[in-house]
Each structure stands twice: as structure tokens, then as C-alpha cells.
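A.B. asks: got a predicted model here, sequence first, then my questions.
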Amino acid sequence: MSPNTAPGGLRLWSAVVYEGAARALVQGLKFRGAAGVADAMAARMVATAPAGTFRGALVPVPLHPRRLRRRGFNQARVLAEALARRTGLPLADCLSRRGRPTTQVGRGRAERRAAPAGAFVARGRAPERALIVDDVATTCATLAACAAALRAAGASELAAVTFARTPGR
């Protein structure tokens, strides 16, 4: 897939469209705890990424603490760990989620865009060059909110990668 731009000018690259087998992989990882698929997802991401995509520290999108306790893992962190093994890039798990836990599943586009604003904060100083990692990009509001938190904490070069993005994105 070609690079895309998320809100706020954030450069985004996604390996596949979120449909068919890609959708099944994401749902297996996210909702059934099939952590083993993260390596296959990372392999696809690394093998098909444009040159220069994988630069900087990998920063996974955090889950709200309540959701993390319920699920037992953060799928974005599992994916970032698999990417770190394949690329040799450092993992910088430096973002926290605050506020009430909300889900983007089932929300309309306008609701998705408004929900994450201000929901993220960096713990300490952010890496100067950060590559935000998530499983799926839909409206990119979550990625933009993470980027804002990282910029506020000192990051100067930001981009994002996801395994999939919704059709038409």
C-alpha cells in the first residue's frame, strides 16, 4: 500500500487493507489472544514497507489500564515487540492512556475522530524519532492523539505504521 497522511500531517504506512484474511488476523490477535499471529503480521509489514519506513523507536498505542487488565495484553505492544525483533529497533513503551475507557468499535466516523483527543500522555521524555505502532488505522484519530502527546514530550520526527487500514483510508 502507498503511504498515507493522518490528521495533523502524521505520515502513515499500512501493510494491508482491513478486510478478509487481514481482518481475521487482527481480530484473532485482538479479541482471541492469538499472539502468535503478530509475528506473521510484522513479517508482512517489514517485507512490504517502503524504504526508510522503519526508523526510530517503536511506540505502541497504549490500552486504557482497565481494558489492559481485562484483555491481559496490549495487541499494539505485542505487534511492536514482533517488529522490534525483525527490525532491531528499540521499543519505547512511553505512552499512557487516561480518562474513561472507551471503545472505537461500532462508532461512527465523527465519534471516532472526537473520542481520543487528549486521551494520551507521555511518561517522561519521548524519543526524538518515534514510530507509532497500532494494529488498524480507521480514522487515524488515535494515531494523531498519540502523536500530539509525543510531540508535547519532545519527539521531533514522528510517523506511524499499522498492519491494516480500513478501505478508503
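C.D. replies: That came through, no problem. Predicted model, so just to flag it, every value in this text is computed and none were measured.
A.B. asks: let me see the ranges of the strands in the protein.
C.D. replies: Taking DSSP state E as the test, the strands found in the chain are 4-6, 10-17, 57-60, 95-97, 120-122, 129-137, 157-165.
A.B. asks: residue 29 is nearest to which of the ones you listed?
C.D. replies: Across those, residue 29 has its closest neighbour in strand 129-137 (6.7 Å, C-beta to C-beta). C-beta here means a position set from N, CA and C on the backbone, and glycine is covered the same way.
A.B. asks: so which elements touch that closest one?
C.D. replies: For strand 129-137, the packing partners by 3 or more C-beta pairs under 8 Å, 6 or more residues apart in numbering; DSSP states H and E come out as strand 10-17, helix 20-32, strand 57-60, helix 75-87, helix 141-152, strand 157-165.
A.B. asks: so what's residue 38 up against?
C.D. replies: Counting by C-beta atoms under 8 Å, 6 or more residues apart in numbering, residue 38 touches 29, 75, 78-79, 81-82.
A.B. asks: mean confidence score for stretch 68-86?
C.D. replies: Stretch 68-86 carries an average pLDDT of 95.
A.B. asks: same check on stretch 140-148?
C.D. replies: Mean predicted confidence for stretch 140-148 is 93.
A.B. asks: from residue 159, how far out is the residue nearest to residue 157 when sequence neighbours are not counted?
C.D. replies: With C-beta to C-beta, 6 or more residues apart in numbering as the criterion, residue 157 has its nearest non-adjacent residue at 4.3 Å, and that residue is residue 129. The spacing between residue 129 and residue 159, counted by C-beta to C-beta, to the nearest Å, is 9 Å.
A.B. asks: tally of neighbours for the closest residue to residue 58 other than its chain neighbours?
C.D. replies: Among residues not flanking residue 58 along the chain, residue 80 sits closest, at 4.5 Å (C-beta to C-beta, 6+ apart). Residues lying near residue 80 (other C-beta atoms under 10 Å) number 27.
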